[in-house]
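1. Next come a sequence and a model predicted from it.
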Amino acid sequence: MEKLDLKKQLKSVYHASATAVTEVDVPALYFLMIDGHGDPNSSSHYAAAVEALFTVAYTLKFMVKKSSTAIDYAVMPLEGLWWADDMAAFVADRKNEWRWTMMIMQPDFITAGMVADAIATAGRKKPLSALDQLRFESFQEGPCAQILHKGPFSEEGPTIDRLHQYIDAHGQLTGKHHEIYLSDIRKAAPVNWKTIIRQPFTK
């Protein structure tokens, strides 16, 4: 059985330095995505979105593993795009006004038809309230700056400031604040959480 290490194949995209801001040109990749808004710490919709994304991602993984192609791969980490209609709300930490797109990257051999089959299979096994909001589409960020944050999400501020200072010195912010959650927060202590903080920019 063929085994794929997608993080290794996309090392520049899914690895970042904790000591220095680095630049990366992020190619077009395909994602399972769900949009929403509100405080991720208390929003039932956020929890439902994450559950639906992982359920379909794992359903796809096992569909491929059991198919004639017999490819095994690890499900990729959860990612989030974050913004607000009034960006002052984002900077001021008014989480009830936040908007987000949660997503999980998929291998390039996954098709829209396969995703549709996985959604149908997942829905038959368990009622998932956010399942009908899930979509599969390409997303390309292009030139970005990124850095690895170690620790709880509540302490990201200085890391984000460092990233933005780098961008201010080299260009201008564009796009949406992007976080990639490398740790399983259900198992790891907050002090050990690892999150890639990414921001598209133009020079």
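-> The structure has been received and is ready for your questions. Residues are numbered from 1 along each chain as shown.
2. Give the residue spans of this structure that score low on pLDDT.
-> Low-confidence segments of the chain, defined by pLDDT under 70: 68, 87-92.
3. Report the central residue of it.
-> Nearest residue to the geometric centre of the chain (C-alpha atoms, centre = their mean): Glu79, 1.1 Å.
4. Surely Ala70 is in contact with Met1?
-> Yes: Ala70 is within contact range of Met1, at 4.8 Å (criterion: C-beta atoms under 8 Å). Any C-beta I mention is one placed from the backbone N, CA and C, and that applies to glycine too.
5. Pick out whichever of the two has more residues nearby.
-> More crowded of Ala70 and Met1, by other C-beta atoms under 10 Å: Ala70, with 11 against 7.
6. Pop the domain breakdown of this protein in here.
-> Following automatic domain parsing, one gets these domains for the chain: 1-27+140-203, 29-139.
7. is it true that Asp35 touches Thr101?
-> Yes: contact criterion C-beta under 8 Å: Asp35 and Thr101 qualify, at 5.1 Å.
8. Looking at those two now, which is surrounded by more residues?
-> Thr101 (19 against 16).
9. Okay, and the residue lying closest to that one once chain neighbours are set aside sits in which element?
-> Nearest non-adjacent residue to Thr101, counting by C-beta to C-beta, 6 or more residues apart in numbering: Leu81, 4.3 Å away. Take DSSP states H and E as the rule and Leu81 turns out to sit in strand 78-83.
10. Quickly run through the sheet partners of that strand, with directions.
-> strand 99-106 (antiparallel), strand 177-181 (antiparallel) (DSSP bridges).
11. can you pull the buried residues of the shortest one?
-> Right, strand 177-181. His177, His178, Glu179, Ile180, Tyr181 (16 or more other C-beta atoms under 10 Å).
12. Show me the two of those that sit farthest apart.
-> Spatial extent of these (C-beta to C-beta) is set by the pair His177 and Tyr181 at 13.5 Å.
13. Mind exporting the C-alpha coordinates of the longest helix along the chain to CSV?
-> Criterion DSSP state H: the longest helix present in the chain is helix 44-66. Written as CSV, here are the backbone C-alpha positions of helix 44-66 (Å, rounded to 0.1, in the frame of the first residue of the first chain):
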residue,chain,number,x,y,z
SER,A,44,-22.1,25.7,18.7
HIS,A,45,-21.8,26.3,15.0
TYR,A,46,-18.0,26.4,15.2
ALA,A,47,-17.9,23.1,17.1
ALA,A,48,-20.3,21.6,14.6
ALA,A,49,-18.2,22.8,11.6
VAL,A,50,-15.1,21.3,13.0
GLU,A,51,-16.8,18.0,13.7
ALA,A,52,-18.2,17.9,10.1
LEU,A,53,-14.9,18.7,8.6
PHE,A,54,-13.0,16.0,10.4
THR,A,55,-15.7,13.4,9.9
VAL,A,56,-15.7,13.9,6.1
ALA,A,57,-11.9,14.1,6.0
TYR,A,58,-11.5,10.7,7.8
THR,A,59,-14.3,9.2,5.7
LEU,A,60,-12.4,10.2,2.6
LYS,A,61,-9.1,8.8,4.0
PHE,A,62,-10.7,5.4,4.6
MET,A,63,-12.5,5.4,1.3
VAL,A,64,-9.2,5.9,-0.5
LYS,A,65,-7.4,3.4,1.6
LYS,A,66,-10.0,0.7,0.9
